[in-house]
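Asker: Fold the following and give me the result.
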Amino acid sequence: MIDQPEESGVNLANILAPHRQRTVRRMMGQKTVLCLQDGSELNYTNLDQCEGLGDLKANQAGAKTRGLNLHSTFTVAPNGLPLGVLKAQCIAPQAKPADDKRGPKHTPIEEKKTFVWIEHYRDLVDVARQMPQTRLINVCDREADFFEMFDEQRQNPGADLLIRAHHDRTISEEPFKLFAAARQEEYTGHPPITTLPND
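Answerer: Numbers count the residues shown, from 1 in each chain. Next up is the predicted model:
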């Protein structure tokens with residue numbers, strides 16, 4: 001990370017701001033924009049002098065690792081043309097305090113690591129107000145398949161959601177389960193794939 005005091009203004013959001021402005025301008029030129037949210041782990045376990053790191057998941061050998069979680073929203077046109085990074089956050093995950101006995105159902109969503117997905121969705125809704133002629137589709141992987149994410153979109157529409165299903169949810173029509181209903185859908189063909197010529 002940057003060796004500056006937190007109040008200095010030299011931070012990730014400010015460094016990204018000019019790029020974000022250009023990204024928004026490019027998005028405005030599109031009828032539809034795919035806004036891809038995802039996270040990555042930045043493993044800095046071997047950087048002994050580095051401060052402000054969090055506890056990451058154990059690696060394949062079971063050893064604890066230290067670093068940051070990078071969560072970003074990357075925008076692309078439907079034909080695959082990159083438009084830019086709209087938002088990025090580095091989070092130093094901290095272990096739950098030993099005296100916190102609350103279970104997941106009793107922990108507010110704002111205190112859960114999954115809240116970052118909602119924060120990025122809210123940012124998309126703010127951006128969508130600047131471009132009412134452009135449809136924004138928030139594309140997420142299975143980590144975003146949780147109730148509060150769908151509830152946020154219901155209460156605060158402005159961007160569409162496309163989330164890879166993790167839970168076999170109950171639905172209102174037969175066969176009453178999501179995965180069974182998806183298997184019954186008619187195959188509609190292959191999506192177009194853009195290829196680049198070999199040099």
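
Asker: Enumerate every residue touching the residue nearest to residue 122 when sequence neighbours are not counted.
Answerer: Here the nearest residue to residue 122 in space, its sequence neighbours aside, is residue 156; by Cβ to Cβ, 6 or more residues apart in numbering that works out to 6.9 Å. Yep, even glycine has a C-beta here, placed from its N, CA and C like the rest. Contact partners of residue 156, counting by Cβ atoms under 8 Å, 6 or more residues apart in numbering, are 121-122, 125.

Asker: Check the gap between residue 156 and residue 123 for me.
Answerer: Distance of residue 156 to residue 123, computed by Cβ to Cβ, to the nearest Å: 11 Å.

Asker: By neighbour count, which of the contacts of residue 156 wins?
Answerer: residue 121 (23 neighbours; other Cβ atoms under 10 Å).

Asker: which stretch of helix or strand covers it?
Answerer: helix 115-128 (DSSP states H and E).

Asker: Pull that helix out as PDB, backbone CA atoms only.
Answerer: Taking Å, rounded to 0.1, in the frame of the first residue of the first chain, the C-alpha atoms of helix 115-128 are listed here in PDB:
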ATOM      1  CA  PHE A 115     -21.800  -6.300   2.300                       C
ATOM      2  CA  VAL A 116     -19.200  -5.100  -0.200                       C
ATOM      3  CA  TRP A 117     -21.400  -6.600  -3.000                       C
ATOM      4  CA  ILE A 118     -24.300  -4.300  -1.900                       C
ATOM      5  CA  GLU A 119     -21.900  -1.300  -1.600                       C
ATOM      6  CA  HIS A 120     -20.900  -1.800  -5.200                       C
ATOM      7  CA  TYR A 121     -24.500  -2.300  -6.300                       C
ATOM      8  CA  ARG A 122     -25.400   1.000  -4.700                       C
ATOM      9  CA  ASP A 123     -22.600   2.700  -6.500                       C
ATOM     10  CA  LEU A 124     -24.000   1.400  -9.800                       C
ATOM     11  CA  VAL A 125     -27.400   2.800  -8.900                       C
ATOM     12  CA  ASP A 126     -25.800   6.200  -8.400                       C
ATOM     13  CA  VAL A 127     -24.000   6.000 -11.700                       C
ATOM     14  CA  ALA A 128     -27.200   4.900 -13.500                       C
END
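
Asker: Quick check: what element follows that helix along the chain?
Answerer: That would be, after helix 115-128 and using DSSP H and E, strand 135-140.
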